[in-house]
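J.: sequence and predicted model, in that order:
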Amino acid sequence: MRAYYLDHDTGSNPRLPHERNPPASLTEAELNKLGVLYWDCSGPEGQAKLESVAKERGYRNRDEVRIAPGLLPDYEKKIKMFFDEHIHEDEEIRFALEGSGYFDVRSQNDDWVRIRMEKGDLIVLPAGIYHRFTPDTSDYIHVVRLFTDAPKWEAINRPLADSTVARTAYLQHTNAV
Ligand SMILES: CSCCC(=O)/C(O)=C/O
Ligand SMILES: [Fe+2]
């Protein structure tokens, strides 16, 4: 996992890294302040660590999805949906089994922070954080989606989400830390 502030080039391919020059990285502690959690579950102990985080945080359900042309039904439509800035009313928990891609989350100043996901990365995006997802130029990522409840994917786009309970609670929480 690597996290950094995105450059301001909104015109070119979002699947490119879009690092600033010079690069502006975030530490894990800075991500934590946004409510984003991360675990490195690569290596021989990785599966056990994933299971222990899932148990501790009550993630009882899971499914798998391959985000790639020909593997994900309605690929183009879904990619567009994932890249629309949105929130969820629950945490978004993703574990990368193979491949890579980018989650972008908004900082407290409303800048984009890019989180590069690769095999073995486990991340939690808190309920109410504005974010989006794009594949990278490899066009392949295989993820486990974990859920505390039944699997669901319901996004509320910006600015509609501004007035939701999840967004208000998120702002209260991040302003308090
Ligand atoms: C990489 S998992 C698919 C994207 C997704 O579920 C989501 O909510 C993106 O924000
Ligand atoms: Fe999402």
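T.: Now that the structure is in, tell me what you want to look at. Ligands and ions are numbered 1, 2, ... in the order given.
J.: can you tell me, leaving aside adjacent residues, what's nearest to N61?
T.: F147 (4.4 Å; C-beta to C-beta, 6 or more residues apart in numbering). (C-beta placed from N, C-alpha, C; glycine too.)
J.: would you mind measuring from A166 to H173?
T.: Distance of A166 to H173, computed by C-beta to C-beta, to the nearest Å: 11 Å.
J.: tell me which of those two has more neighbours.
T.: A166 (17 against 13; other C-beta atoms under 10 Å).
J.: hmm, that one is touching I87, no?
T.: Yes - assessed by C-beta atoms under 8 Å, A166 is found in contact with I87 at 6.0 Å.
J.: what do the two both touch?
T.: Shared contacts of A166 and I87, defined by C-beta atoms under 8 Å, 6 or more residues apart in numbering, comprise A127, G128, I156.
J.: can you pull the contacts of the last one?
T.: This means I156. Contacts of I156 (C-beta under 8 Å, 6+ apart): H86, I87, H88, E89, T164, A166.
J.: most neighbours, which of these?
T.: I87 (26 neighbours).
J.: so it makes contact with H131?
T.: Yes - with contacts counted by C-beta under 8 Å, I87 reaches H131, the gap being 7.4 Å.
J.: quick check: longest strand of the protein.
T.: strand 92-106 (DSSP state E).
J.: surely I115 is in a strand?
T.: Yes - according to DSSP: H, G, I helix; E, B strand; the rest coil, I115 belongs to a strand.
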